[in-house]
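Participant: got a sequence here, can you model it:
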Amino acid sequence: MEVALELIESMMVKFKSEKKWTLQALEQLSEEDITSSPTSESNSIANLVAHIRGAVHSRIETILLDIPDTRDRDKEFEKGLEMSKEEAIRKTMDAFDILIQYLERLKSSPELLMSQPFINLPPLTYSQVNNETGPESYDFNV
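Facilitator: Okay, the predicted model is just below:
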């Protein structure tokens with residue numbers, strides 16, 4: 001379990017650092033910066049923050065903490081998504097805090113790293129591998 005604890009600790013250090021830098025970057029932005037997109041094909045910071053918070057919900061809260069799935073993934077990428085700077089900062093803090101709190105839980109019970117809480121759950125509805133639905137969408141030949 002020593003290796004597990006080292007892994008957990010290094011992940012906590014990394015996420016705490018990323019939280020700090022991400023929040024500092026958001027603090028420097030204007031309200032307009034949060035919702036504007038550089039091109040019509042680009043996502044805004046609001047889209048990215050909504051997507052990160054949604055991914056944490058799907059991957060940590062739903063799978064590992066057994067919180068019902070309420071994510072609306074399509075909304076995360078809507079053009080013109082409205083979000084205040086304060087809301088972007090709050091959602092970012094929430095996402096990092098959930099990750100860090102789960103790592104703290106793992107630190108006190110490192111055997112959870114070997115558990116498979118998702119084994120009896122239906123497959124994720126969206127593949128981050130190639131943007132298709134279902135487990136058959138994974139292409140292991142890449």
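Participant: quick one: neighbours of residue 113, just the number.
Facilitator: In terms of burial, residue 113 registers 13 neighbours under the definition other Cβ atoms under 10 Å. Bear in mind the C-beta positions are built from the backbone N, C-alpha and C, glycine included.
Participant: I figured it hits residue 106, correct?
Facilitator: Yes - Residue 113 sits in contact with residue 106 when judged by Cβ atoms under 8 Å, with a separation of 6.2 Å.
Participant: go ahead and flag the most central residue of the protein.
Facilitator: The residue lying closest to the centre of the chain (Cα atoms, centre = their mean) is residue 56, at 3.2 Å.
Participant: quick check: that one touching residue 101?
Facilitator: No - using Cβ under 8 Å, residue 56 is not in contact with residue 101, being 10.9 Å away.
Participant: and the next helix or strand past the worst-scoring helix or strand of the chain on mean pLDDT?
Facilitator: Sorting the helices and strands of the chain by mean pLDDT, DSSP states H and E puts helix 73-76 at the bottom, at a mean of 90. Next helix or strand after helix 73-76 toward the C-terminus (DSSP states H and E): helix 85-108.
Participant: which other helices and strands contact that next one?
Facilitator: Packed against helix 85-108 by the contact rule (3 or more Cβ pairs under 8 Å, 6 or more residues apart in numbering; DSSP states H and E) you find helix 2-27, helix 31-35, helix 45-56.
Participant: point out the most buried one among the ones you listed.
Facilitator: Most buried of those by mean neighbour count (mean count of other Cβ atoms under 10 Å) is helix 45-56; its value is a mean of 20.
Participant: could I get the average pLDDT for that one?
Facilitator: Per-residue pLDDT over helix 45-56 has a mean of 95.
Participant: pull the CA atoms of that helix into CSV?
Facilitator: Extracted in CSV, the C-alpha atoms of helix 45-56 (Å, rounded to 0.1, in the frame of the first residue of the first chain):
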residue,chain,number,x,y,z
ILE,A,45,-14.0,29.5,-21.0
ALA,A,46,-17.6,29.1,-19.7
ASN,A,47,-17.9,26.0,-21.9
LEU,A,48,-14.6,24.6,-20.7
VAL,A,49,-15.5,25.2,-17.0
ALA,A,50,-18.9,23.7,-17.4
HIS,A,51,-17.4,20.6,-19.1
ILE,A,52,-14.7,20.1,-16.5
ARG,A,53,-17.3,20.4,-13.7
GLY,A,54,-19.6,18.0,-15.6
ALA,A,55,-16.8,15.5,-16.1
VAL,A,56,-15.9,15.5,-12.4
